[in-house]
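**Q** mind folding the following:
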Amino acid sequence: MIIENQTYSYDAGGGIGYAQIRRTDPRIAAVVHHSLADARTILNIGAGAGSYEPEDKYVVAVEPSAIMRAQRIERGKSPAVIGFADKLPFDDNAFDATMAMATIHHWPDMAAGLAEMRRVAKNTVVVMTFDPSALKDFWNIHYFPDVVAAEKKRYPEIDFITNCLGNCEVIEVPVPLDCVDGFQEAFYGRPEAFLDANVRKAQSAWSFVSDDVVARSVQHLADELASGEWDKKYGHYRTQPFFTGSIRLVVARK
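**A** Numbering: from 1, shown residues only. Predicted coordinates for the structure are as follows:
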């Protein structure tokens, strides 16, 4: 069962331990940082614990969650401004670039948030998101169909983002086999990770289905791992260096 009309809250417990699972993967970071090009000043919106922030740039972070802001400090990142994407407390063109990493599906008003990203950026807007039309390409849909269905409802279509921002390039981002950023596709070749409740807790989609569905889904995967059925169907992923699934980088320039 999918739980309807629910908003994910990092401060209600969802953010505890997040930074241990969701970390900056250097291969994905290289794509992000290349897209930021020669920007010297960057605003990171929905910044969380600071993943993918370039260390050689002047970065200002905006983050509404107290738990996530605290994890920034624990990771040695600069403190974040308390704020929301749809009402950024900055002047027009205040930054060379704005970035939003795997966060816009949490925003109540995505169109307003994207407009704000555009407004405060002199040149470049970089959005990391997941293409809902590509979710079917990952094997998890055969084990966690309700979780995938919940995600599909939350992720905006890529055309929606490009229409909001205008003049966009959409980049498919390959996920490495040993990816250290624990979103679902990061474990395409390491399925045992989904049996760990801490890993699932760092993936917000699991909170949008009932406990019974979670238990059933995880048991289904556990049973097929134990019997060898998963490896029979999908074992080639254990040695596949990269998987190109739903992760996308949308880059807009003025």
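**Q** quick one: residues contacting the closest residue in space to G189 that isn't next to it in sequence.
**A** Distances taken as Cβ to Cβ, 6 or more residues apart in numbering place Y237 nearest to G189, at 4.2 Å, with adjacent residues excluded. (C-beta placed from N, C-alpha, C; glycine too.) Listed by Cβ atoms under 8 Å, 6 or more residues apart in numbering, the contact set of Y237 reads 139, 188-189, 243.
**Q** ok, now A111?
**A** 160, 164 are the contacts of A111 under Cβ under 8 Å, 6+ apart.
**Q** how about the secondary structure of it?
**A** Recorded secondary structure, A111: helix (DSSP: H, G, I helix; E, B strand; the rest coil).
**Q** and L114, by the same measure?
**A** Strictly by three-state DSSP, L114 counts as helix.
**Q** next one, pLDDT for D25 please.
**A** In the prediction, the pLDDT value recorded for D25 is 97.
**Q** surely it and F183 touch.
**A** No. The pair D25 and F183 does not pass the contact test of Cβ atoms under 8 Å, sitting 9.7 Å apart.
**Q** picking that back up, out of the contacts of Y237, which sit inside strands?
**A** F243 (DSSP state E).
**Q** format the contacts of Y237 as a markdown table; extra columns: neighbour count, pLDDT and distance to E229.
**A** A markdown table is the format used below for the contacts of Y237 (neighbours: other Cβ atoms under 10 Å; pLDDT from 0 to 100; distance: Cβ to Cβ, whole Å):
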| residue | neighbour count | pLDDT | distance to E229 |
| --- | --- | --- | --- |
| W139 | 17 | 98 | 12 |
| Y188 | 21 | 98 | 17 |
| G189 | 21 | 98 | 16 |
| F243 | 20 | 98 | 20 |
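**Q** closest one of the contacts of Y237 to S65?
**A** Y188 (27.9 Å; Cβ to Cβ).
**Q** how about that closest one, what does it touch?
**A** The contact partners of Y188, taken as Cβ under 8 Å, 6+ apart, are 138-139, 175, 177, 237, 240, 243, 245.
**Q** and the top strand by length along the chain, how far out from the chain's middle?
**A** Longest strand in the chain by number of residues, with DSSP E as the criterion: strand 121-130. Relative to its parent chain, strand 121-130 has a centroid offset of 14 Å by Cα atoms, centre = their mean, to the nearest Å.
**Q** ok, that strand: who's next to it in the sheet?
**A** Take DSSP bridges as the rule and strand 121-130 pairs in its sheet with strand 95-101 (parallel), strand 247-253 (antiparallel).
**Q** got the contact list for it?
**A** Here strand 121-130 makes contact (Cβ under 8 Å, 6+ apart) with 32, 35-37, 39, 43, 52, 93, 95-102, 104-105, 114, 117-118, 151, 155-156, 158, 161, 165, 173, 183, 246-254.
**Q** report back the residue of the protein that's furthest from centre.
**A** S227 (31.9 Å; Cα atoms, centre = their mean).
**Q** pLDDT score for it?
**A** On pLDDT, S227 comes in at 98.
**Q** likewise M68?
**A** pLDDT, M68: 87.
**Q** what is the neighbour count of it?
**A** Counted with other Cβ atoms under 10 Å, residues neighbouring M68 total 22.
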